[in-house]
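[1] 3D model of this:
(one chain, ligands or ions: 1)
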Amino acid sequence: MPNYWNPWHGCIKHSPGCKHCYVYRQDEMYGDGKRANVVKKNADFDLPIKRKRDKSYKLRSGQIIYTCMTSDFFVEQADEWRSEAWAMIRLRKDLRFFIFTKRIDRFRVNLPDDWGAGYENVIIGCTVENQAMADYRLPIFNELPIKHKVIIIAPMLEKMDISAYLNDEIHEVATSGESGIEARILDYDWILDIRRQCVEKDIPFCFHQTGAKLVKDGKLYRIHRYHQISQARKANIDYKLRRDLEMDTEVQKKLRFD
Ligand code: SF4
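    Below you'll find the predicted structure:
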């Protein structure tokens, strides 16, 4: 059962974090003719409203749907398709759509008229990779009417200070290194420093994955892609739970009130 939806594929490199974009790497290895720098609508564009033979939706109710993982939802070349995508998101209120973007400055392009203070079923992850991008994107992010906001620091390229942008509207800060043969180094001290900033503001923090090259205590570790998430988990430095991002299923409500 898929828990992702890629309405279009391909993207244009945009900022330093895009240098080794995994969409480009995946297409080079297994792209089957796809070209990552050409933005095309996918056959599964309307997946959220597709139904199985028994008439039930293909995307099972109650899930978080990772949206537009092989592109950027706000990429210019998809402007003509975005209104239709928003309409499907509005229709499937029983799903929660998690959208990551490096183009938060284009958020309002084709935003639905009834967006208001934001759709309850949309989580927006504003991605930043260095101090300059944080200082540009996060003030914009903070001003936008979005019900569920997450800051994604990925791939983290340098030590960063985001403390000025942490407020009660931020549900979580998630940090990651870079994958791939040419990955840039992640210093574990940078991660700990972001964690400290989150703890000081009581904002949930997650060390999602180490990336391929992690420096800890001055020593460089090369980490196979199969272990990058588990190694970050082993560090055991996450702070608080991501409760706000989960669906309010009946089971979760029950657990909460028991
Ligand atoms: S914005 Fe994301 S998908 Fe687009 S090129 Fe950059 S890293 Fe790749």
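[2] List the contacts of residue 5.
    Residue 5 sits next to 44, 47, 48, 59, 65, 66, 67, 68, 97 when contact means Cβ atoms under 8 Å, 6 or more residues apart in numbering. Quick note: C-beta positions are derived from backbone N, CA and C, even for glycine.
[3] Would you mind putting the residues you listed into JSON lines with pLDDT and distance to the ligand alongside?
    Formatted as JSON lines, the contacts of residue 5 follow (pLDDT from 0 to 100; distance: Cβ to the nearest ligand atom, whole Å):
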{"residue": "44", "pLDDT": "96", "distance to the ligand": "17"}
{"residue": "47", "pLDDT": "98", "distance to the ligand": "19"}
{"residue": "48", "pLDDT": "98", "distance to the ligand": "20"}
{"residue": "59", "pLDDT": "97", "distance to the ligand": "22"}
{"residue": "65", "pLDDT": "97", "distance to the ligand": "17"}
{"residue": "66", "pLDDT": "97", "distance to the ligand": "13"}
{"residue": "67", "pLDDT": "98", "distance to the ligand": "12"}
{"residue": "68", "pLDDT": "97", "distance to the ligand": "8"}
{"residue": "97", "pLDDT": "98", "distance to the ligand": "17"}
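[4] Next to the ligand, which bits of the protein? Give me the list.
    Applying Cβ under 6 Å from any ligand atom, we find that the chain lies next to the ligand at 11, 13, 14, 17, 18, 21, 23, 71, 72, 102.
[5] Would you list the buried entries among those?
    11, 17, 18, 21, 23, 71, 72, 102 (16 or more other Cβ atoms under 10 Å).
[6] Now for these: which two are most distant?
    Pairwise distances across those (Cβ to Cβ) peak at 14.7 Å, for the pair 17 and 71.
[7] tell me the SS of residue 142?
    Secondary structure for residue 142, judged by DSSP: H, G, I helix; E, B strand; the rest coil, is helix.
[8] Roughly how far does it sit from residue 135?
    For residue 142, the distance to residue 135 (Cβ to Cβ, to the nearest Å) stands at 12 Å.
[9] Over to residue 198?
    Plainly put, residue 198 is 18 Å away from residue 135 if you go by Cβ to Cβ.
[10] more crowded one of the two?
    residue 198 (24 against 15; other Cβ atoms under 10 Å).
[11] any idea of the pLDDT on that one?
    In this model, residue 198 is scored at 97, pLDDT.
[12] tell me the contacts of it?
    166, 173, 204, 205, 239.
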